[in-house]
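Engineer: pasting the sequence and the predicted model now:
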Amino acid sequence: QVQLIESGGGLVQAGGSLRLSCTASGRPINTYVLAWFRQAPGKEREFVASISWRRTNTYYADSVKGRFTISRDNAKNAVYLQIDSLKPEDTAVYYCAAHRNPFGSTYYTESDFGSWGQGTQVTVSS
């Protein structure tokens, strides 16, 4: 089991930026699809972005395309989420997740991800 710890959340004004980080321990994550999900108050957790283990493919929810960028550094066992042009509706707890299986080929479905961080709060004021 891999342990994931997120950081970088905070309170920011609309239009601002944040960079979320997620560091893994317990085993290397270089062969795992990594993703970010988020959960807003009163809503279900939803997919935000994911990145293939080869770093060649990235996927985004329509609501964040063009504003969010996912990246990974396998040497540092880490995944990042650059969030630009923040909107109040981006307010949520953001979670990083690692796929259940190495060399996985699914990128959006929450149940395919077996390791989760504790989450980091992002609050966007208008």
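Structural biologist: Great, that's in hand.

Engineer: roughly how far apart are Arg27 and Thr106?
Structural biologist: Noted for Arg27: a distance of 20 Å to Thr106, by Cβ to Cβ, to the nearest Å. C-beta coordinates here come from the backbone N, C-alpha and C atoms, glycine included.

Engineer: just checking, Glu44 is part of a helix?
Structural biologist: No - under the criterion used here (DSSP: H, G, I helix; E, B strand; the rest coil), Glu44 is coil, not part of a helix.

Engineer: and it, how many neighbours does it have?
Structural biologist: 8 (other Cβ atoms under 10 Å).

Engineer: got phi/psi on it?
Structural biologist: Here is the backbone geometry of Glu44 (degrees, to the nearest 10): phi -80, psi 160.

Engineer: likewise for Glu89?
Structural biologist: phi -70, psi -10.

Engineer: what's the separation between it and Leu20?
Structural biologist: 17 Å.

Engineer: the residue lying closest to Trp53 once chain neighbours are set aside: neighbour count?
Structural biologist: Nearest residue to Trp53 in three dimensions, chain neighbours excluded: Thr31, at 5.0 Å (Cβ to Cβ, 6 or more residues apart in numbering). Neighbour count for Thr31, taken as other Cβ under 10 Å: 15.

Engineer: strands along the chain, start to end?
Structural biologist: Taking DSSP state E, the strands of the chain run over residues 3-7, 10-13, 18-25, 34-39, 46-51, 58-60, 68-73, 78-83, 92-99, 113-116, 120-125.
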